[in-house]
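In: Predicted model and sequence follow; I will ask about them next.
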Amino acid sequence: MFDTKINTKSKSTTRDLVRIAVLGAISFLLMKIKFPIAFVAPPFMTVDISDVPALVAGFAMGPGFGVLVQFLKNLLDLPTTMTAGVGNLSNFIVGSTFVIVSSLIYRKDKGMKNALIGLVVGVLAMSALAMASNYFVVFPLYAKVMIPMETLIGMGQAIFPAIDSLGKMMILSVLPFNLIKGTINALVTLIIYKRVRKLL
């Protein structure tokens, strides 16, 4: 009996690792298909749907698995990044928040209504955290290793003349950008989740 339990647990762990690996690889590939939102944010801020596999993992398997998919995605992308890892740090922080909040709410009652509520709250949470993390950590780091802060603010000002400080950059550019990006990922997740849930 003891050996059977160990064997069952081992098989379950192996399946989970395979799922994380597959979803992480898909997320990494989706990360490469990206586009800017020129009317909202500077060109170095791009939209992709790489949060979708992590959200699917969070919904189907639990928040921790979704975070692992986010981690693997950014780990795979790290050798190819042109942002000295700053972009990956931001992506992991914001994406993990999105997954944790959305999947925790969904797990309370696994229905379409709760999925929608979870995703909406998740988008709001990730957008709020994105402003804080970008203001205190990501933009200052980016300014040190890539582009001077004055140039970054100038890129935002080219879109919105009212942007004359990092704070205004967060409110007028970073916030709407993440709301749009989060909404796109949420909609795609809602569309495909029921179709792929049984595979997980």
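Out: Here it is on my side, so go on.
In: Report the distance from the host helix or strand of Gly154 to the chain centre.
Out: Here Gly154, judged by DSSP states H and E, is contained in helix 149-157. Remark: helix 149-157 is offset 24 Å from the chain centroid, using Cα atoms, centre = their mean, to the nearest Å.
In: ok, residues contacting that helix?
Out: Residues outside helix 149-157 that contact it (Cβ atoms under 8 Å, 6 or more residues apart in numbering): 41-44, 139-140, 142-143, 163-166, 168-169, 172-173. Quick note: C-beta positions are derived from backbone N, CA and C, even for glycine.
In: Flag the shaky bits of the chain, pLDDT-wise.
Out: 1-11, 198-200 (pLDDT under 70).
In: Count the residues that sit near Ala158.
Out: 10 (other Cβ atoms under 10 Å).
In: correction: Ile171
Out: 15.
In: Flag every buried residue along stretch 12-29.
Out: For stretch 12-29, a neighbour-count test (16 or more other Cβ atoms under 10 Å) marks 16, 19-20, 23-24, 26-28 as buried.
In: pretty sure Val40 contacts Asn178?
Out: No - contact criterion Cβ atoms under 8 Å: Val40 and Asn178 do not qualify, at 9.8 Å.
In: Between the two, which is the more surrounded one?
Out: Neighbours were counted for Val40 and for Asn178 using other Cβ under 10 Å; Asn178 has more, 26 against 21.
In: shouldn't that one be in contact with Ala130?
Out: Yes - Asn178 is within contact range of Ala130, at 4.4 Å (criterion: Cβ under 8 Å).
In: so which strand or helix has the residue nearest to the spatial centre of the chain?
Out: By Cα atoms, centre = their mean, the chain has its centre lying nearest to Gly95, at 2.3 Å. For Gly95, the host element (DSSP H and E) is helix 86-108.
In: Quick check: buried residues in the helix or strand following that helix?
Out: Tracing the chain C-terminally past helix 86-108 and defining elements by DSSP H and E, one meets helix 112-133 next. Using 16+ other Cβ under 10 Å as the test for burial, helix 112-133 gives 115, 117-120, 122-123, 125-127, 129-131, 133.
In: With stretch 69-85 instead?
Out: 69-74, 76-77, 83.
In: how far out from the middle of the chain is it?
Out: The answer for stretch 69-85 is 12 Å, by Cα atoms, centre = their mean.
In: Offset the numbering so it begins at 14, please.
Out: Happy to do that; since the first residue is 14 now, the last one works out to stretch 82-98.
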